[in-house]
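Visitor: the amino acid sequence is not available; the structure is as follows:
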């Protein structure tokens, strides 16, 4: 697989390490209110600081993360009026101040520095969450999930990895890192299963990694296009579907399926179904989890089921954690599901849980009883045979 160092340039790595190596920070209040607040928070450190134009150089007597958190808390509504930058030994002080960033943004960057640790001394790996057909309990697909392990052993999930990459301004690079890891690990999957690969469509229309790179890696791994489904995440953040559709034309022509991930409303489904015509729509856990006890969410899912029956897409329920919720999903037309109730993510394909197998057997028995009941006449007797 392409080495990570080939995907993230030395210049980018140098930028990412500035906060990790910093021994001092530059602070520049943009308003008098922010300056008074900073002076009150830092006290003598602010008074004694070296002055560079409108900025001051503050020695780090505590971690950068702690200092920025204290400043943001103390500044409150004025936090965005303070700009900060780490001192970089490789730059002049004036060049370093060219990197001044609003405090909230800088705070997010510093909180995400664990990802730099993973890049340099940790590891990335992939787990697969099975997706099961509800009619017979068979596994038909897997969602590939990127994981990270820090050098201290701490585990990070995709829900943490990609926001951190966004904060560090390396989201496009991490999109490709995820693709490469998932496709390489997909050799562990059964040969007839579908791989649902998370793709951020916003990056496709914003000059991020093109699907050509994804296609090249699929070919290198000899992974058939017809077994691949692009799982479009955060599609609601795409400003123009008209710009997204051309990016999906080539993979669709090659037999790649399209799935919309994390759908939470009926209106959203209709809008993107009309624009993108996906084969699959994955209903978010915000709708499915606890749905058995929530009439409003049952109504939303019921609407989606009605639309699916009249359209060309099929529904997958995400985040299923109970038999009761799965019953509701099956009753309204959901054809497949994933979640801890069915099977947990794992490096190697996991079998269905005992609870899910019992659920499938129970539904089969109910179906058999219903079929027998349908043969009865209104009076309760079986129909007379034709003589």
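Guide: It's in. Keep in mind the model is a prediction, meaning the values are calculated, not measured. Residues are numbered from 1 along each chain as shown.

Visitor: how's this protein carved up into domains?
Guide: 15-106, 116-372 (automatic domain parsing).

Visitor: now render those domains as a markdown table, adding distance to residue 6, mean pLDDT and mean neighbour count.
Guide: Just so you know, the C-beta spots here come from the backbone N, C-alpha and C atoms, and that holds for glycine as well. Below are those laid out as a markdown table (distance: least, CB to CB, whole Å; pLDDT from 0 to 100; neighbours: other CB atoms under 10 Å):
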| stretch | distance to residue 6 | mean pLDDT | mean neighbour count |
| --- | --- | --- | --- |
| domain 15-106 | 16 | 94 | 16 |
| domain 116-372 | 10 | 91 | 18 |
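
Visitor: would you turn these into TSV with distance to residue 8?
Guide: Below are the domains of the chain laid out as TSV (distance: least, CB to CB, whole Å):
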stretch	distance to residue 8
domain 15-106	8
domain 116-372	5
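
Visitor: residue ranges of the helices in the stretch 201-350 of the chain, please?
Guide: Ranges of helices in the stretch 201-350 of the chain, per DSSP state H, counting those that start in this stretch, are 201-204, 211-220, 241-253, 266-276, 285-288, 295-309, 323-331.

Visitor: who touches stretch 135-144?
Guide: 126, 128-133, 182, 185-186, 189-190, 193-198, 229, 231, 335-336, 338, 349, 352, 356-357, 360 (CB atoms under 8 Å, 6 or more residues apart in numbering).

Visitor: also stretch 114-128?
Guide: Stretch 114-128 is contacted by residues 4, 8, 13, 16-17, 20, 142-151, 154, 156, 161, 164-165, 168, 177, 181-182, 184-185, 188-189, 345-350 when judged by CB under 8 Å, 6+ apart.

Visitor: same thing with stretch 239-250?
Guide: With CB under 8 Å, 6+ apart as the contact definition, stretch 239-250 has outside contacts at 201, 204-205, 210-211, 215, 230, 235, 238, 258, 272, 275-276.

Visitor: let's go with 10 Å and repeat that
Guide: Outside of stretch 239-250, the residues within contact range by CB atoms under 10 Å, 6 or more residues apart in numbering are 199, 201-206, 210-212, 215, 230, 232, 235, 238, 252, 256, 258, 271-272, 274-278.

Visitor: next, the closest residue to residue 21 other than its chain neighbours: phi, psi?
Guide: Leaving aside its chain neighbours, residue 21 sits nearest to residue 89 (7.1 Å; criterion: CB to CB, 6 or more residues apart in numbering). Dihedral pair for residue 89: phi -60, psi -20, per degrees, to the nearest 10.

Visitor: from residue 19, how far off is the closest residue to residue 20 other than its chain neighbours?
Guide: Closest residue to residue 20 apart from its sequence neighbours, by CB to CB, 6+ apart: residue 113 at 5.9 Å. With the distance defined as CB to CB, to the nearest Å, residue 113 ends up 6 Å from residue 19.

Visitor: show me the residues around the closest residue in space to residue 342 that isn't next to it in sequence that make contact.
Guide: Nearest residue to residue 342, sequence neighbours excluded (CB to CB, 6+ apart): residue 356, at 4.5 Å. Contacts were defined as CB under 10 Å, 6+ apart; by that measure residue 356 touches 130, 132, 134, 137, 320, 323, 326, 337, 339-343.

Visitor: is it true that residue 201 touches residue 235?
Guide: Yes - Residue 201 lies in contact with residue 235 (CB atoms under 10 Å); the separation is 5.4 Å.

Visitor: tell me, what's touching the two both at once?
Guide: Common neighbours of residue 201 and residue 235, using CB under 10 Å, 6+ apart, are 241, 244, 260, 272, 276.

Visitor: any chance of JSON lines for those residues, columns distance to residue 69?
Guide: Compiled in JSON lines, those are given as follows (distance: CB to CB, whole Å):
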{"residue": "241", "distance to residue 69": "39"}
{"residue": "244", "distance to residue 69": "37"}
{"residue": "260", "distance to residue 69": "37"}
{"residue": "272", "distance to residue 69": "38"}
{"residue": "276", "distance to residue 69": "41"}
